[in-house]
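>>> Got a predicted structure here, sequence first:
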Amino acid sequence: MFLKNVIFWSHGRGTIPYDVLCALILIFIFLTPTGFFQDWPRVNAPQQFQTGHTLIRTRDDSGATVYNVRLPAELASVEPATLRRNIQLFLEHKLKKSVSVARVQPIYGGDGNILGFSVWTDTAIKTGF
């Protein structure tokens with residue numbers, strides 16, 4: 001009977017079972033770790049830049065941390081060695097720590113233009129999320 005009342009939320013407002021159920025829901029919401037549902041932004045997803053963010057932290061399929069970076073156009077349209085350096089400086093500025101870029105992969109929009117870059121760092125690969 002108690003389980004039926006819980007499932008159908010039959011307890012009246014202000015009763016102890018009602019308050020306990022509300023408290024359990026709030027505890028679940030606020031204490032569940034962020035990676036529990038593995039609901040993080042995808043690597044190489046162009047729509048994530050529509051919100052105006054320039055740096056989005058996510059994970060790849062192996063669990064390594066990946067930063068999706070949107071650089072200003074003048075910093076992104078350069079040769080690969082300079083691009084890696086620009087990305088490294090951008091990440092160091094945003095993260096406020098030393099970063100070593102291990103791998104860079106462009107993120108293409110629907111029109112074929114580069115919108116940003118997925119960046120794997122040596123420190124992210126070693127330390128995880």
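Thanks, I have it. Residues are numbered from 1 along each chain as shown.
>>> and residue 116, that one's in a strand?
Yes: counting by DSSP: H, G, I helix; E, B strand; the rest coil, residue 116 falls inside a strand.
>>> Leaving out the residues flanking it, which one is nearest to it?
With sequence-adjacent residues excluded and distances taken as CB to CB, 6 or more residues apart in numbering, residue 116 is closest to residue 70, at 3.9 Å. For every residue, glycine as well, the C-beta is placed using N, CA and C.
>>> cool, and residue 4?
Nearest one to residue 4, counting by CB to CB, 6+ apart, is residue 10 at 7.3 Å.
>>> ok, how many other residues are close to residue 106?
Residue 106 has 13 neighbouring residues, counting by other CB atoms under 10 Å.
>>> Now for it: which residues touch it?
For residue 106, the contact set (CB atoms under 8 Å, 6 or more residues apart in numbering) comprises 114, 116-118.
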